[in-house]
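> Okay, predicted coordinates and the sequence, questions at the end:
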Amino acid sequence: MAIRRGDTLVFPKPPVIAAWAAVGGKKESEGPLAAYFDQLFTDTSFGEDGWEAAESDLQQQCISACLRKGGIERTGLDIAFAGDLQAQCTASNYTLRALGCPYVGLYGACSTMAEGVALAAAFAAQGLVGQALAFTSSHFCAAERQFRTPLDYGGKRTPTAQWTATAAGACLLRPAGAAGVPVLSITFGRVQDFAVTDINNMGAAMMPAAAATLLQFFKGTGTRPTDFDAIFTGDLGEVGAALLQEQMANEGVPLPNHQDCGCLLYDTATQQVQAGGSGAGCSAAVLCAHILPRLQQGAWRRVLLLATGALMSQTTFLQGESIPGIAHAVELGCPEVGV
Amino acid sequence: MKLNPKQYEEMTKRASPPSPVWKDCLWAFFVGGAICCLGEGIRQIWLLWYDEELAGTLTSLVLILLSALLTMPGWYQKLAAKAGAGTLVPITGFANSVVSPAIEFKAEGWITGVGAKIFIIAGPVITYGVLASWVWGLLYWVMGKF
């Protein structure tokens, strides 16, 4: 049974992430984490006519790799929690059409990976499922045409804009007792809106949500940032990350060990991604390519992953609405901690 | 949380790096200027055979064609990412704004995709261009009465 500490659900017998996989596209293959991906694809169209279908292909490649590492067939899955950035989460819907297992569709924008892992962990912790899959993705081309302008349109990006990752991450969760990286606690965030309307500054729009969830988490669990080897935010980018550090210092909870997945996935100095990476696939890929392997190896003992999402749509943005943000947190340990 | 939207606006402004205005302007000046020089070069060639008016029209057509051809492999977008207004303002920018949705929305069909979405960016220019010419026409008519 999970114990409630404020907004945080702590698992005395933590469920585990038994297997994981990360796949990425061309830009990701040129980034600092390239060597740690399970697969990288330079042709991100996958031979499809539409980018939406290509994103589904990307997800399916990722899931195949994850299930292979977990040693199970797709028929062995009890449930899948998934979502993506496409309207009505169609990339995931079509993937689940192929996968065929019970499916809970999620929309948490770029926070989807933490949301999915948290829900899968809660189901596994309660023993409701034996094999739960959580995955998400984003595809630069599918996101760009939905949220911004056609790909070949000649526009200039502002320095605060972020680059939607073409990447996917998948985690297979099992109840306590199985081998894997333990999920120690989960925290579902509250929507925060501090009146940011600039769609080219998503890091700033999402920062208050990240700060709010972090403060809730530390208050609820009685922990401090230095209790963790690292605290990862999903895709605040350089601007949002700097704002978060400033805000947390103002709150009297400085974050000396904070890193942002959007700044880890790409080399912001040379890859022309402006303020860094974004997209649901950004934190998902960094979780599966960078964070989980280090926990598994015991290089880190305890980390917090906080995936952040901007919850506007193209319609609400055009109507002048501000951008609400959300951040969900997943606390992860190294295998010995969980036993 | 110790934060309110007003404070946050200030904080965000401070934390957000501004666009490099001088660099952007230099890129726009030289690339935009180069496109115009190219246009003038093409015009001089047409003038060998045709009068001023037709040479001008043909020059525009050639620039539009070149822009469309460069948009297809994604080169115009690559140049525009650096040149900004330098590639946006000339007629080549307008051509790019029509060709890029045509390519993009082909997957949604010739009518509901290409047909319906081709002016998704250029549409406002046409709409307000027509409106402006209508207003000017009215003014011109009124002025002719006196």
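Okay, I see it. Numbering: from 1, shown residues only, chains lettered A, B, ... in the order given.
> how about low-confidence regions in chain B?
Chain B contains no residues with pLDDT under 70.
> Show me what residue of it gets nearest to chain A.
Closest to chain A within chain B is B:Ala80: 2.5 Å, counting by CB to the nearest CB. Heads up, the C-betas are built off the backbone N, CA and C, glycines and all.
> need the contact list for B:Phe90.
Not quite, residue B:90 is Pro, not Phe. B:Gly32, B:Ile35, B:Cys36, B:Gly39, B:Leu63 (CB atoms under 8 Å, 6 or more residues apart in numbering or on different chains).
> Just those residues: which are in helices?
B:Gly32, B:Ile35, B:Cys36, B:Gly39, B:Leu63 (DSSP state H).
> now these in JSON lines, with neighbour count and distance to A:Ala114?
Below are those laid out as JSON lines (neighbours: other CB atoms under 10 Å in any protein chain shown; distance: CB to CB, whole Å):
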{"residue": "B:Gly32", "neighbour count": "20", "distance to A:Ala114": "45"}
{"residue": "B:Ile35", "neighbour count": "22", "distance to A:Ala114": "47"}
{"residue": "B:Cys36", "neighbour count": "16", "distance to A:Ala114": "51"}
{"residue": "B:Gly39", "neighbour count": "19", "distance to A:Ala114": "53"}
{"residue": "B:Leu63", "neighbour count": "21", "distance to A:Ala114": "49"}
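> Out of the residues you listed, which comes closest to A:Glu251?
Proximity of the ones in helices among the contacts of B:Pro90 to A:Glu251 (CB to CB) peaks at B:Gly32, which lies at 47.4 Å.
> Can you give me the buried ones in stretch A:167-178?
Of the residues in stretch A:167-178, A:Ala167, A:Ala168, A:Gly169, A:Ala170, A:Cys171, A:Leu172, A:Leu173, A:Arg174, A:Pro175, A:Ala176, A:Ala178 count as buried by neighbour count, 16 or more other CB atoms under 10 Å in any protein chain shown.
> nearest to A:Trp20, of those residues?
A:Cys171 (4.7 Å).
> hang on, the closest one packs against A:Ile17?
Yes. When contacts are counted by CB atoms under 8 Å, A:Cys171 is listed as touching A:Ile17 (4.8 Å).
> between the two, what contacts are shared?
A:Val117, A:Leu292.
> For chain B, what's the nearest residue on the stretch 151-300 of chain A?
For the stretch 151-300 of chain A, CB to the nearest CB, closest residue to chain B: A:Gly154, 2.5 Å.
> Any idea how many residues pack against the residue nearest to that residue when sequence neighbours are not counted?
In space, and not counting its chain neighbours, A:Gly154 is closest to B:Ala80: 2.5 Å by CB to CB, 6 or more residues apart in numbering or on different chains. The number of residues packed near B:Ala80 is 25, by other CB atoms under 10 Å in any protein chain shown.
> Now do the SS call for B:Ala80.
helix (DSSP: H, G, I helix; E, B strand; the rest coil).
> returning to what we had before: dump the ones in helices among the contacts of B:Pro90 to a markdown table, plus distance to A:Gly25.
Formatted as a markdown table, the ones in helices among the contacts of B:Pro90 follow (distance: CB to CB, whole Å):
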| residue | distance to A:Gly25 |
| --- | --- |
| B:Gly32 | 32 |
| B:Ile35 | 32 |
| B:Cys36 | 37 |
| B:Gly39 | 37 |
| B:Leu63 | 34 |
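> Identify each buried residue in stretch A:24-36, please.
In stretch A:24-36, counting by 16+ other CB under 10 Å, buried: A:Gly24, A:Gly25, A:Lys27, A:Glu28, A:Ser29, A:Gly31, A:Leu33, A:Tyr36.
> check which helix or strand covers the residue nearest to the spatial centre of chain B.
The centroid of chain B falls nearest to B:Gly93 when counting by CA atoms, centre = their mean (3.1 Å). Assigned by DSSP states H and E, B:Gly93 belongs to helix B:91-104.
> Now do that helix: which elements does it pack against?
helix B:52-71, helix B:75-83 (3 or more CB pairs under 8 Å, 6 or more residues apart in numbering or on different chains; DSSP states H and E).
> Quick one, which of the ones you listed gets closest to A:Ala211.
With CB to CB as the criterion, A:Ala211 lies closest to helix B:75-83 of the helices and strands packed on helix B:91-104, at 32.5 Å.
> May I see the buried residues of the closest one?
Those would be B:Tyr76, B:Gln77, B:Leu79, B:Ala80, B:Lys82, B:Ala83, for helix B:75-83 by 16+ other CB under 10 Å.
> How about residue 29: what's its closest non-neighbour residue?
Since no chain was named, I'll use chain A. Nearest non-adjacent residue to A:Ser29, counting by CB to CB, 6+ apart: A:Leu40, 4.0 Å away.
> um, chain B though
For B:Phe29, the spatially nearest residue (CB to CB, 6+ apart) is B:Gly86, at 6.8 Å.
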